[in-house]
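S.K.: with the sequence up front, the predicted model follows.
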Amino acid sequence: SYTHTFMIFSQNIIKSDINYCRRAPHVGFLTMTMTMISRGGSWWMWMGLGAILTCTIVNTHNISSKTFLMMEDNAAQKPKPKQHVDVDSQDDGFCSFISTTSPFTGTRLWQEHLPRIIKASRNPLIPDLFTDKEEDAKLHKLLEEILSASRFRRGVRHIPTFSHEILQNIFHIVQMRVQDPDKYPPLHIAVFGGSVTGGRGCYPRLGRQCAWPQRLELLINQFAKKDIVKVHNLAIGGTNTGSAIKSVKYWFYPEEIAKVGPDVIINSYSTNDSLPRDGLGPDQDKVTVVLEDTRNINGAFIREALQSKPCRKTPLVVHVDDYLGPQQQQVLGDMSYISAITQLAKWYDTMAISYAEVVRDIFYMDTKDPTFGNVMNVHFGHWAHQTIAWSVGFGFMELASAFCDDEYNLRIKHENKNSSHLVSHDDR
């Protein structure tokens, strides 16, 4: 029957490829038009119509694959809507888990939990550093004396302000994972970058285990004492944001997230994107060229990332700046990247974090100190990678603070609206 044909075709769409929803409407329309012309209408027309209706339903109502396939067994049964996260549940859930005080700030959280952050910063994947007393002493010195919370605040260049639905999804995933880690998946974070992000120069023969994406995963999970996040380091040396655009567009992800995509997409190509392109004439200003090139290529990346999951929740897009130089003779040139990224983050309402802004003055004051950078090379050691992880972790704390503050204000607004409605009703 036509109904059975529609169900079978819809099932094949869902099973075959989640990205089919981008193509199916066009395929269905073309199939229906051609068959109507050649055959005067047939059951092929219904298959084309099925493709259109299927993806319209999936995109409009965001029905999960499992729920949608249940329609074949019981066509009369309505699909269960995705669990709605209202203001009260979020405020009593995730925000209560983060802090018992309201309101709170990322700075306050960082200061209150500093001993726990220090403990969570130890990398068990590198035993030589994990048990070294000098390393432990430096860890304490960096966080207790040098890298204050106010310094980390300098690195938070922009926090999303009107992308509240994206943040609701992110923190709902975290909340569910905390409540029942056996039932709900972790927050998946995909990190794109070059050799710096891949950990070159971080520690001998342990590049990715030493690199900041791995350290970020350890920092969050060891702090929470649960495996809340899974960070996928997708760095490829010698590439720039152009290659990341293709990876996001065509879903070149590891098998673990190949079908659902990441919840957070991080671009950490600051070093390679900051390199002036070849063939510039003597009259061309490298500062301006890098600024314009960075703006163009990263704008394209943000647009691709924001629309990369049309059948699912939009991912949070984050730029992480880990570039201190030296690829230009002028300091202003080495700052072109973060200037462009900050502008883009404000325009598209994405997130931007700069490790460089956290330590730039310290590093430039004494470029011989290898703690935060390398004046002869763009690659640096493990303390720089750890500080990047701290910078991103602090940025996420600030993000959580802003989100919970907005949730609180929404709840108060909702309560006041209900109270006003009750008062007006009683007056009648």
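M.R.: Cool, the structure landed. Worth saying up front: this structure is predicted, and the values here are computed from it rather than measured.
S.K.: and the residue nearest the centre of the protein?
M.R.: What sits nearest the mean C-alpha location of the chain, by C-alpha atoms, centre = their mean, is Val264, with 2.3 Å.
S.K.: what about that one, distance to Gly198?
M.R.: Val264 sits 19 Å away from Gly198, taking C-beta to C-beta, to the nearest Å as the criterion. The C-beta positions use only the backbone N, C-alpha and C, and glycine is treated the same way.
S.K.: what of Ile245?
M.R.: Distance, Ile245 to Gly198, using C-beta to C-beta: 18 Å.
S.K.: check Leu129 too.
M.R.: On the measure of C-beta to C-beta, Leu129 and Gly198 end up 19 Å apart.
S.K.: could you do Ile126 as well?
M.R.: Applying C-beta to C-beta, the value for Ile126 to Gly198 is 16 Å.
S.K.: then Leu219?
M.R.: Counting by C-beta to C-beta - Leu219 and Gly198 are separated by 18 Å.
S.K.: neighbour count: these two, which is higher?
M.R.: Between Leu219 and Gly198, counted using other C-beta atoms under 10 Å, Leu219 has the larger neighbour count: 24 against 21.
S.K.: and the more buried one, helix, strand or coil?
M.R.: Under DSSP: H, G, I helix; E, B strand; the rest coil, the three-state class of Leu219 is helix.
S.K.: quick one: low-confidence ranges for this structure?
M.R.: 1-93, 96-103, 414, 418-428 (pLDDT under 70).
S.K.: repeat that with 50
M.R.: Judged by pLDDT under 50, the chain has its weakly predicted residues at 1-3, 5-47, 51-91.
S.K.: for it, which helix is longest?
M.R.: helix 382-427 (DSSP state H).
S.K.: any idea how far it is from the chain center?
M.R.: Computed by C-alpha atoms, centre = their mean, to the nearest Å, the chain-centroid distance of helix 382-427 equals 18 Å.
S.K.: please apply the same query to stretch 277-290.
M.R.: Distance, stretch centre to chain centre, for stretch 277-290: 32 Å (C-alpha atoms, centre = their mean).
S.K.: number the residues from 21 up from this point.
M.R.: All set: I'll call the first residue 21, so the last point we hit is now stretch 297-310.
S.K.: show me where the stretch 71-220 of the chain has its strands.
M.R.: Taking DSSP state E, counting those that start in this stretch as the criterion, the stretch 71-220 of the chain carries its strands at 176-178, 207-213.
S.K.: save those as CSV, and put in mean neighbour count and distance to Ala404 too.
M.R.: Putting these into CSV (neighbours: other C-beta atoms under 10 Å; distance: least, C-beta to C-beta, whole Å) gives the following:
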stretch, mean neighbour count, distance to Ala404
strand 176-178, 22, 18
strand 207-213, 25, 14
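S.K.: what ranges does the stretch 171-320 of the chain have for its helices?
M.R.: With DSSP state H, counting those that start in this stretch, the ranges of helices along the stretch 171-320 of the chain come out as 184-199, 215-218, 227-230, 232-244, 261-269, 290-293, 306-326.
S.K.: how about these in a markdown table, adding distance to Ser421?
M.R.: Listed next are the helices of the stretch 171-320 of the chain as a markdown table, based on distance: least, C-beta to C-beta, whole Å:
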| stretch | distance to Ser421 |
| --- | --- |
| helix 184-199 | 12 |
| helix 215-218 | 26 |
| helix 227-230 | 30 |
| helix 232-244 | 16 |
| helix 261-269 | 28 |
| helix 290-293 | 25 |
| helix 306-326 | 23 |
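S.K.: contact partners for Pro346?
M.R.: Going by C-beta atoms under 8 Å, 6 or more residues apart in numbering, Pro346 touches 354, 395-396, 398.
S.K.: please check these and keep the buried ones.
M.R.: 354, 398 (16 or more other C-beta atoms under 10 Å).
S.K.: can I get the contacts of Pro346 in CSV with distance to Asp202 and secondary structure?
M.R.: Shown next, in CSV, are these (distance: C-beta to C-beta, whole Å; DSSP: H, G, I helix; E, B strand; the rest coil):
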residue, distance to Asp202, secondary structure
Asp354, 47, helix
Val395, 49, coil
Met396, 49, coil
Val398, 42, coil
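S.K.: ok, which pair from the contacts of Pro346 is furthest apart?
M.R.: Within the contacts of Pro346, Asp354 and Met396 form the most distant pair, 14.5 Å apart (C-beta to C-beta).
S.K.: make sure Thr391 is actually in contact with Gln406.
M.R.: No. Counting by C-beta atoms under 8 Å, Thr391 sits too far from Gln406 to count as a contact (9.9 Å).
S.K.: compare these two (neighbour count), which wins?
M.R.: Under the criterion of other C-beta under 10 Å, the comparison of Thr391 against Gln406 puts Gln406 first, with 27 against 18.
S.K.: list the contacts for the residue lying closest to the more buried one once chain neighbours are set aside?
M.R.: Take Gln406 and drop its neighbours on the chain: the residue closest to it by C-beta to C-beta, 6 or more residues apart in numbering is Arg235, 5.6 Å away. Contacts for Arg235 (C-beta under 8 Å, 6+ apart) come out as 141, 143, 405-406, 408-409.
S.K.: so which of these wins on neighbours?
M.R.: Counting neighbours by other C-beta under 10 Å, Ile408 comes out on top of the contacts of Arg235 with 30 neighbours.
S.K.: quickly note the distance from that residue to Cys331.
M.R.: Taken as C-beta to C-beta, the span from Ile408 to Cys331 is 33 Å.
S.K.: equivalent analysis for Asn292, please.
M.R.: Remark: distance between Asn292 and Cys331 (C-beta to C-beta) = 32 Å.
S.K.: out of those two, which sits in the busier spot?
M.R.: The residue with more neighbours, out of Asn292 and Cys331, is Asn292; 23 against 19, by other C-beta under 10 Å.
S.K.: that older thread, now the longest helix of the chain against helix 184-199, angle please.
M.R.: Helix 402-447 and helix 184-199 are oriented at 110 degrees to each other (axes from the mean of the first three to the mean of the last three C-alpha atoms, to 10 degrees).
S.K.: relative orientation of helix 402-447 and strand 207-213 in degrees?
M.R.: Going by the same axes, to 10 degrees, helix 402-447 makes 130 degrees with strand 207-213.
S.K.: and the angle from helix 402-447 to helix 232-244?
M.R.: 50 degrees.
S.K.: any idea what the residue nearest to the centre of the chain is bridged to?
M.R.: The bridge-partner assignment for Val284, based on DSSP bridges, gives Ile209, Leu336.
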